[in-house]
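Engineer: Predicted model and sequence below, questions to follow.
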Amino acid sequence: MTEVPTSEASAVDQGRVALVTGGNRGIGRVIAQHLAAEGFRVAATYRTGDVPPGILGVRCDITDTEQVDAAFAAVEAELGPVEVLVANAGVTRDTLLMRMSEDDWDAVIDTNLTGTFHVVRRAARPMVRARFGRIVLISSVVGQLGSAGQVNYATSKAGLVGMARSLARELGGRGITANVVAPGFVETDMTAALDEKTVAGYKAQIPLGRMGASEDVAAAVAFLAGPGGAYVTGALLPVDGGLGMGH
């Protein structure tokens, strides 16, 4: 039987430090809670609201590099260097292409893509020094399928795949993995506001015939962050009930 390397097998036992961006609500909040339950020492960034109990909250707008530096410094001072980065923070500004303003485009790209670049770049140097790191980028099935009215969002989420695969090639020799988790139609506060007809339409397109849960996404992230994901890098892991298969 193949043994897991000691450094990997003891990852949870050592309480590796994980940072989840956008960990105050929705999928990010559940990811933070799930990782904490798995034994990680977890911090989460937020702009408004709060983070779950037992999670170190650091206020941060990831579009601002100074705030990113300050957030990482706060986590390092309190918990130690970030060993697991889950880049989850994101925004939407949905509208049809002909109505999409420059601000609509810039706001989404600046947060979802450029903001992710900011946190990945800040996390990478300590990971390289430690010769260990787990980077998980939260994309969306929309990044593979496309979606009318979401040209900005789909572009930003598709870009994360190229980012992760480039990181995998660039940083793999230093013991750092980089992967993408792509949720599909997941039950959140946002989807709860949709009418029944719209929800039924989405479900009809999903082979499993139901919406996903934030815990489904969190479990996938925990796998990639833990010992089981030690030899997985550059992967796109869909958590979408089969909605985007083949893409």
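Structural biologist: Perfect, I can see it now. Residues are numbered from 1 along each chain as shown.
Engineer: where does T233 fall, helix, sheet strand or coil?
Structural biologist: Applying DSSP: H, G, I helix; E, B strand; the rest coil to T233 yields a three-state assignment of coil.
Engineer: So what sits opposite the nearest residue to it once chain neighbours are set aside in the bridge?
Structural biologist: Excluding its sequence neighbours, the residue lying closest to T233 (C-beta to C-beta, 6 or more residues apart in numbering) is T177, at 3.9 Å. Heads up, the C-betas are built off the backbone N, CA and C, glycines and all. When assigned by DSSP bridges, T177 has beta-bridge partners R134.
Engineer: Can you give me the buried ones in stretch 38-48?
Structural biologist: For stretch 38-48, a neighbour-count test (16 or more other C-beta atoms under 10 Å) marks E38, F40, R41, V42, A43, A44, T45, Y46 as buried.
Engineer: gap between the nearest residue to P207 once chain neighbours are set aside and V84?
Structural biologist: Nearest in space to P207, with sequence neighbours left out and distances taken as C-beta to C-beta, 6+ apart, is G242 at 3.5 Å. G242 is 28 Å from V84, where distance means C-beta to C-beta, to the nearest Å.
Engineer: So for those two, which sits in the more crowded spot?
Structural biologist: When G242 and V84 are compared for neighbours, V84 comes out ahead with 27 against 14, by other C-beta atoms under 10 Å.
Engineer: I figured that one hits E38, correct?
Structural biologist: No: V84 lies out of contact with E38 (C-beta atoms under 8 Å); the separation is 10.4 Å.
Engineer: What is the neighbour count of G209?
Structural biologist: Neighbour tally, G209, other C-beta under 10 Å: 10.
Engineer: Quick check: what element follows the lowest-mean-pLDDT helix or strand in the chain along the chain?
Structural biologist: Least confident helix or strand, the chain: helix 6-9 with a mean of 43, by mean pLDDT, DSSP states H and E. Going down the chain from helix 6-9, the next helix or strand is strand 17-20, by DSSP states H and E.
Engineer: What lies in contact with that next one?
Structural biologist: 28, 31-32, 35, 40-45, 72, 75, 79-86, 88, 119, 123, 225 (C-beta atoms under 8 Å, 6 or more residues apart in numbering).
Engineer: Pairing partners for it, with directions?
Structural biologist: strand 41-46 (parallel), strand 84-87 (parallel).
Engineer: Need the mean per-residue confidence for the first one.
Structural biologist: So that's strand 41-46. Mean pLDDT, computed over strand 41-46, is 98.
Engineer: just stretch 184-196 next, same as before
Structural biologist: The pLDDT scores in stretch 184-196 average 80.
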